[in-house]
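Novice: Take this sequence and fold it.
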Amino acid sequence: MVFRTLAYAATLFIAGPLLAEDLTVGTARGPKEVPLSPETVAVFDVAAVDTLSALEVPVAGTLNSLYVDYLGETEASAVDLGTFWEPDLEALHALAPDLIVVGTRSADQVKLLSRIAPAIDMTVGYDTVTEGLARLEAYGEIFGRQNRAASLKANFEARLAQAKAAAEGKGTALVIMTNGPKISAFGTGGRFGWLHTSVGLPEAAPEIGASIHGESVSFEFIRDKNPDWLIVVDRLAAIGRPGESAAATLDSVLVQGTKAWGAGQVIYLNPADIYIAGGGIQSMNRTLDQLIAGFIGS
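Specialist: Take a look at the predicted model:
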C-alpha cells in the first residue's frame, strides 16, 4: 500500500511539469489567459498570420484566402478553415487546435470558436503601430519567441524612423481609398491614421473624422485640399475584385490639377498589405518601404 502511494506520488511528480501551463496576455478585449506554447494554432486574421509568420510560429489552419502574396507558403501549407465570416467548424474540430486567434473581420466569431478551443481576439485597431507592436509582444510571450519579437520590434522602429526622416518637410498628404469609382478620405482617426500620426505626414484635410470606411469625398474635394502628396489604397485590388482601378478613377482633370499629381507625388500603396493585413509586422514594414521609396525619389 505504501509502495503504491509512493509510486502514485512519483507519477504525479513526473507528470506535473508535463501539464499544460497558462499565461495572461493583452488582447483586444483585455487581459486573457491562454495556453503557453500551444502546438496547434488556428488563425482567422491576416495580420495575426503575418506576425506569427515573422516570428516563425507554424500556423496549422487559417482562412481559405490570405489575400497578400508574401504569406503564400503559409496559406498553401495550412488547413483551409473557411472565411472570416463563415469558419469551417467541421475542419476546425478535426484540426483540434490548442489556440484559436481571431481579429478585426472575424472578431465576432470569438464566442462561437471558444467552444472548440481557447480563443482570443487580437484585433489591431486604429492605433495601428501601438497595437500591432503589442500583438507582436503578446505572441512572443505565448510562443516563447520573446527575443525574436524584440528584434522584429527594433527593426520596425528603425524603419519607421527612416520613413519619418524621408517624409519630413515634404508637405501635406491626403490618404484616400478608391472602391471602383467611389473615393473615401482618411484622417488621423481612421484605419490608415498611422500614416499621419506615426510617420508624421501633415494632413491636407485635418477636418476628416474617424471612420472605418473613411469619409466619402469628391474630385472637387481633392482639388480644393490640393495636397502635396496623394497616398492611395485601391480596395478592389486589395480584395481581388474586378472593377475600375484607382489609377483610372483618379484620372480626372480636377485631380490632375493638384500639386501632388503635377509633381508626380502619388504613392499607390500595396492595397492588400495595408487594407487586409494592416497591423501585421511584415505589412507595416512593407508599407513603410513603399513610403520611403516614394519620398526619397521625390
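Novice: How about the longest helix anywhere in the chain, which residues are buried there?
Specialist: Counting residues, the longest helix in the chain under DSSP state H turns out to be helix 146-167. For helix 146-167, burial by neighbour count (16 or more other Cβ atoms under 10 Å) applies to 148-149, 152-153, 156, 159-160, 162-164, 166-167. All C-beta spots, glycine's among them, are computed from the backbone N, C-alpha and C.
Novice: show me what contacts residue 276?
Specialist: Residue 276 sits next to 46, 66-68, 238-239 when contact means Cβ atoms under 8 Å, 6 or more residues apart in numbering.
Novice: Please flag which of these sit within strands.
Specialist: Among those, DSSP state E puts none in strands.
Novice: Then residue 243 would be within a strand, right?
Specialist: No. Counting by DSSP: H, G, I helix; E, B strand; the rest coil, one finds residue 243 to be coil, located in no strand.
Novice: how about it, what does it touch?
Specialist: Residue 243 neighbours (Cβ under 8 Å, 6+ apart): 180, 236.
Novice: what does residue 38 give?
Specialist: Contacts for residue 38 (Cβ under 8 Å, 6+ apart) come out as 97-99, 142-143.
Novice: Could you export the residues you listed to CSV, including columns for distance to residue 29 and neighbour count?
Specialist: Formatted as CSV, the contacts of residue 38 follow (distance: Cβ to Cβ, whole Å; neighbours: other Cβ atoms under 10 Å):
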residue, distance to residue 29, neighbour count
97, 19, 23
98, 19, 18
99, 15, 21
142, 16, 22
143, 20, 21
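Novice: hmm, back to that, and the helix or strand following the longest helix of the chain with helix 146-167, angle?
Specialist: Next in sequence after helix 146-167, counting helices and strands by DSSP states H and E, comes strand 173-179. Orientation check (axes from the mean of the first three to the mean of the last three Cα atoms, to 10 degrees): strand 173-179 against helix 146-167 gives 110 degrees.
Novice: pLDDT of strand 173-179, averaged?
Specialist: Summarised as a single mean, pLDDT over strand 173-179 is 98.
Novice: What is it packed up against?
Specialist: For strand 173-179, the contact count by 3 or more Cβ pairs under 8 Å, 6 or more residues apart in numbering; DSSP states H and E identifies strand 182-186, helix 194-197, helix 219-225, strand 229-234, helix 235-238 as packing neighbours.
Novice: Adding mean pLDDT, write those out as CSV.
Specialist: Formatted as CSV, those follow (pLDDT from 0 to 100):
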stretch, mean pLDDT
strand 182-186, 97
helix 194-197, 96
helix 219-225, 97
strand 229-234, 98
helix 235-238, 97
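Novice: Quick one, which of these gets closest to residue 127.
Specialist: Taking Cβ to Cβ, helix 194-197 is the member of the helices and strands packed on strand 173-179 nearest to residue 127, at 7.5 Å.
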